[in-house]
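pasting a predicted model and its sequence here:
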Amino acid sequence: MSLFKIGYKYKILLYFLLIFTTIILLFSYIFLQKDRDMKVERLILLMQPYTDIIYSEVVSETEDEDNLITISRAIDNLKDILPAEMRITVLDIDASVIYDNLSEPEYSSLNRSERPEIIAAVKDGTGSAMRYSATLQSDYLYFAKRYPTLYIRTALEYNSSVLPIIKIDRQYQIYILIVLILSIAILFYMTRKVGKPFSALKEFVSRVEHGSNDYSNVEFPKGEFGEVGEKIIHAFRQLENTKRYKQELTHNIAHELKTPVTGIRGYIETILQQEEIAPEQRKAFLEKALAQAMRLSSIVNDISILNKIEEAEYKFDFEPVNISQCITDIENDLALKIEQKQISFTTDVDEQLFIEGNYLLIYYLFKNLIENSIEYAGNNITIYLGVEKVSDGVAYFTYYDTGVGVSDKHLDRIFERFYRLDEGRSRKSGGSGLGLSIVRNSVLLHKGIISANNRESGGLQFDFSLKVSAT
């Protein structure tokens with residue numbers, strides 16, 4: 001299988017595995033090399049005392065006798081002390097070989113001043129080197145020390161004496177292997193864990209592509225990636241809801257506008273086509289056309305307000321709004337309707353209560369609540385509006401009427417745009433079907449909350465909150 005066909009999880013695993021393996025092998029090499037160098041250093045430290053012993057014995061044996069013979073005899077005297085496999089070389093002050101216990105006599109008197117261990121001994125007093133011996137055709141570990149009249153050099157053959165000591169401990173190899181296996185297991189686990197959000201997201205995308213709206217089985221794991229995945233699905237659902245909402249809204253707007261437009265057109269066409277129409281009939285048709293035009297204007301105005309609240313709320317200027325005065329203004333505007341329906345309107349609002357908000361929206365909020373009761377609650381009812389309490393800078397309002405109320409099944413939807421309790425209800429009253437939607441959005445824009453409930457004694461009640469002005 002080519003690399004581009006490998007799943008992303010396994011690509012991640014492969015990349016990290018290569019990195020971890022390289023790091024582990026690199027550190028293992030460095031560690032083992034350090035371990036080897038330390039062992040070599042220990043060997044060199046062990047070789048140093050032998051040069052002192054050899055020098056002391058050689059000097060004591062060569063005072064009055066031939067050098068080569070006496071040196072050989074001195075070395076023989078130390079055979080019980082010196083390691084049997086150790087190579088011993090005695091050199092004069094010019095670094096020429098006087099004695100070598102392992103080389104043939106013809107190699108004697110050869111100069112070794114170019115050897116690295118001798119060069120270091122000349123400079124620093126002692127020197128060591130791991131190198132190949134052309135004389136014995138084998139690798140040796142050398143240690144040389146400079147004395148007043150001699151150089152004493154000892155050496156151990158690499159394969160037989162050095163390698164067994166510095167070779168890699170099998171225990172270290174096992175540890176390295178265990179670390180590598182654990183790293184692979186951890187990487188595999190982490191890759192699977194990290195890959196779960198992407199797998200869930202892939203499943204989500206696949207369902208979207210196939211037109212499925214069921215995302216309930218798409219589960220993201222806990223954690224930051226999981227939160228991102230959940231937010232993506234939530235955002236997509238919001239987009240889907242917005243799309244569906246706009247489609248429904250467009251349909252509802254077209255449906256709502258169609259009725260008054262058709263009415264206006266019908267009345268005007270009738271007037272234009274019937275030249276002999278009576279003045280009274282003409283006036284009646286014009287009044288009906290005007291009523292439909294006013295209804296059309298009301299719908300357009302309410303839609304404009306709602307769109308402005310939902311899409312451009314920053315355009316509203318906030319200021320302290322005197323609620324008592326605002327309600328008085330509304331009461332005056334609706335006085336005729338209240339009187340015609342024989343409604344008792346009662347308020348309990350402090351005259352000094354100021355709400356931090358937009359006057360127009362606050363006005364529409366209370367006016368739409370009252371108009372809703374006037375149009376749909378019935379005649380001879382009581383409307384109450386009061387402030388239950390003011391706490392922590394928030395005023396809590398209660399509004400209710402004693403009318404017919406609504407069915408419980410409609411309570412959760414009465415704030416929706418164009419939602420109908422009765423298909424012809426708003427049209428008969430001339431309403432736009434947007435009043436309570438404006439109420440809810442106005443409350444939300446002012447950072448409040450609102451709820452609706454049927455009262456036990458009859459009628460519909462709204463409880464909502466608004467932020468009190470600091471002034």
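Yep, that arrived.

tell me where the chain has strands.
Secondary structure of the chain by DSSP state E: the strands cover 87-92, 97-100, 126-133, 138-146, 150-157, 319-322, 344-348, 354-357, 382-391, 394-401, 450-454, 460-467.

okay, the angle between the fourth one and strand 87-92?
Strand 138-146 runs at 40 degrees relative to strand 87-92, counting by axes from the mean of the first three to the mean of the last three CA atoms, to 10 degrees.

show me what strand 138-146 is in contact with.
With contact meaning CB atoms under 8 Å, 6 or more residues apart in numbering, strand 138-146 is reached by 40, 43-44, 47-48, 51-52, 55, 87, 115, 117-118, 120-122, 125-133, 151-159, 161-162. Where C-beta positions appear, they are placed from N, C-alpha and C, glycine not excepted.

among those residues, which ones are buried?
Taking 16 or more other CB atoms under 10 Å as the criterion, what is buried in the contacts of strand 138-146 is 40, 43-44, 47, 51, 55, 87, 115, 117-118, 120-121, 127-130, 133, 151-158, 161-162.

returning to that earlier point: just the strands of the chain: most buried one?
strand 150-157 (a mean of 24; mean count of other CB atoms under 10 Å).

partner strands of that one, with direction?
For strand 150-157, the paired strands and their directions (DSSP bridges) read strand 87-92 (antiparallel), strand 138-146 (antiparallel).

distance from the chain centre to stretch 166-186, please.
How far stretch 166-186 lies from its chain's middle: 35 Å, per CA atoms, centre = their mean, to the nearest Å.

could I get it in PDB with only the CA atoms?
What follows is stretch 166-186 as a C-alpha-only set of coordinates in PDB (Å, rounded to 0.1, in the frame of the first residue of the first chain):
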ATOM      1  CA  ILE A 166      33.900  -2.800  27.300                       C
ATOM      2  CA  LYS A 167      31.400  -4.800  25.300                       C
ATOM      3  CA  ILE A 168      27.800  -3.700  25.600                       C
ATOM      4  CA  ASP A 169      26.000  -5.200  28.600                       C
ATOM      5  CA  ARG A 170      23.100  -7.300  27.300                       C
ATOM      6  CA  GLN A 171      21.100  -5.900  30.200                       C
ATOM      7  CA  TYR A 172      21.300  -2.400  28.600                       C
ATOM      8  CA  GLN A 173      20.200  -3.800  25.300                       C
ATOM      9  CA  ILE A 174      17.100  -5.300  27.000                       C
ATOM     10  CA  TYR A 175      16.400  -2.000  28.700                       C
ATOM     11  CA  ILE A 176      16.600  -0.200  25.300                       C
ATOM     12  CA  LEU A 177      14.300  -2.700  23.700                       C
ATOM     13  CA  ILE A 178      11.800  -2.400  26.500                       C
ATOM     14  CA  VAL A 179      11.900   1.400  26.200                       C
ATOM     15  CA  LEU A 180      11.400   1.200  22.500                       C
ATOM     16  CA  ILE A 181       8.400  -1.200  22.800                       C
ATOM     17  CA  LEU A 182       6.800   1.000  25.500                       C
ATOM     18  CA  SER A 183       7.300   4.000  23.300                       C
ATOM     19  CA  ILE A 184       5.600   2.300  20.400                       C
ATOM     20  CA  ALA A 185       2.700   1.200  22.700                       C
ATOM     21  CA  ILE A 186       2.300   4.700  24.100                       C
END
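
so what touches that stretch?
So stretch 166-186 is contacted by L17, F20, T21, I24, S28, F31, L32, D35, R36, K39, V40, L43 (CB under 8 Å, 6+ apart).

return a ChimeraX selection command for the buried portion of those.
The ChimeraX command for the buried members of the contacts of stretch 166-186 (criterion: 16+ other CB under 10 Å) is given here:
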select :17,20,28,32,40,43
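
how about Y151: what's its closest non-neighbour residue?
Excluding the flanking residues, the one nearest Y151 by CB to CB, 6 or more residues apart in numbering is L91, at 4.1 Å.

that neighbour pairs with what?
Applying DSSP bridges, one finds that L91 bridges with V97, Y151.
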